[in-house]
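**Q** A structural model of the following input is requested.
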Amino acid sequence: MSSSAAARAATRHRSAPGILRWGAAIAGVLLRLTTRTRSTGGHHLPASGSFIVASNHLSAADPVVLGHFLAAHGAPPHFLAKHSLFGVPVLGRLLRAGGQIPVHRNSSRAGDSLVAARRALAAGHCVVVYPEGTFTTDPKLWPMAGRSGVGRLALASGRPVIPVGHWGVQNLLARGGRLPKICPRPRIEIRAGAPVELSDLYGREDPAAAREATDRIMAAITDVVAELRGEPAPPGPQQ
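**A** Residues are numbered from 1 along each chain as shown. From the prediction side, this is the model:
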């Protein structure tokens, strides 16, 4: 996207399909009933225009917590989600109706999601990426190294990237779990950090630039998670 097109997108008012508004309202009620959720850093989220959110990934419940946080700050999210979810009865229809973006990993259509994500950003939306591509497999649940797609999207679109970390969702629904644990109500914290500095990389489309952008984004996410956990992260990205 050209700088002038990016500027026009930044001035557009974010709108949301009715299904997203209803989903956010329902998620809010469920979270209040089943968890003790505390959010901070909302002032880092742009008040208008498009931006990218990049977050750590602990649990299948992550999108509920993150989606509610973003919607509550006026940024209804458009998630990049694995395409198999779109084939699930009812869920797939809801995802499509809500403007979510399917990701076809390891296929000839793998690049389609970035095209769709750039289109959503150009329309003024908030696009959410889990750069790790899956739940973290780190034994202590630290963020892993990110895939370079988020770096490519950031540099191609020129839009701000907001790192978001959360902690405690794994106590609500563990990785691979089917039923949430709500007694006692788990404590969940979610925090947005300052935009990741990428301006020196804009205008570049080479793999090295995408890798550098991705590493900066993952480092920012990890810093936020470390703040929430109250402990330093281990050195270097976790594999």
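**Q** let me see the ranges of the strands in this protein.
**A** 36-40, 51-55, 77-82, 101-103, 126-129, 161-167, 187-192 (DSSP state E).
**Q** could you dump those to TSV with mean pLDDT and distance to D206?
**A** Quick note: C-beta positions are derived from backbone N, CA and C, even for glycine. Converted to TSV, the strands of the chain look like this (pLDDT from 0 to 100; distance: least, CB to CB, whole Å):
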stretch	mean pLDDT	distance to D206
strand 36-40	97	36
strand 51-55	98	20
strand 77-82	87	22
strand 101-103	83	23
strand 126-129	96	20
strand 161-167	98	18
strand 187-192	98	29
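**Q** closest one to K140 among these?
**A** Of all the strands of the chain, strand 161-167 sits nearest to K140, with 11.6 Å by CB to CB.
**Q** output the closest one as PDB, nothing but the C-alphas.
**A** These are the backbone C-alpha positions of strand 161-167, laid out as PDB (Å, rounded to 0.1, in the frame of the first residue of the first chain):
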ATOM      1  CA  VAL A 161       1.700  -2.900  15.000                       C
ATOM      2  CA  ILE A 162       0.500  -3.100  18.600                       C
ATOM      3  CA  PRO A 163       2.000  -6.000  20.700                       C
ATOM      4  CA  VAL A 164      -0.500  -7.500  23.100                       C
ATOM      5  CA  GLY A 165       0.400 -10.000  25.800                       C
ATOM      6  CA  HIS A 166      -1.900 -12.000  28.100                       C
ATOM      7  CA  TRP A 167      -1.400 -14.400  30.900                       C
END
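**Q** next, the angle from that strand to strand 36-40.
**A** On the basis of axes from the mean of the first three to the mean of the last three CA atoms, to 10 degrees, strand 161-167 is oriented at 150 degrees to strand 36-40.
**Q** about what we covered before: turn the strands of the chain into a markdown table, including distance to D62 and mean neighbour count.
**A** Below are the strands of the chain laid out as a markdown table (distance: least, CB to CB, whole Å; neighbours: other CB atoms under 10 Å):
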| stretch | distance to D62 | mean neighbour count |
| --- | --- | --- |
| strand 36-40 | 12 | 16 |
| strand 51-55 | 7 | 25 |
| strand 77-82 | 10 | 22 |
| strand 101-103 | 15 | 23 |
| strand 126-129 | 10 | 26 |
| strand 161-167 | 7 | 26 |
| strand 187-192 | 10 | 21 |
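**Q** what bridges to the residue positioned nearest the centre of the chain?
**A** Centroid-nearest residue in the chain, with CA atoms, centre = their mean: V128, separated by 3.4 Å. Under DSSP bridges, the beta-bridge partners of V128 are V53, F79.
**Q** ok, it touching P76?
**A** No - counting by CB atoms under 8 Å, V128 does not reach P76; the two are 10.3 Å apart.
**Q** okay, and the common contacts of those two?
**A** Residues within reach of V128 and of P76 at once, by CB atoms under 8 Å, 6 or more residues apart in numbering, are L70.
**Q** now do the residue nearest to the centre of the chain against P163, distance only.
**A** 12 Å (CB to CB, to the nearest Å).
**Q** who touches both of the two?
**A** Shared contacts of V128 and P163, defined by CB under 8 Å, 6+ apart, are found at A54, S55.
**Q** output the longest helix belonging to this protein.
**A** Looking across the chain with DSSP state H, the single longest helix is helix 207-229.
**Q** appreciated, that's everything.
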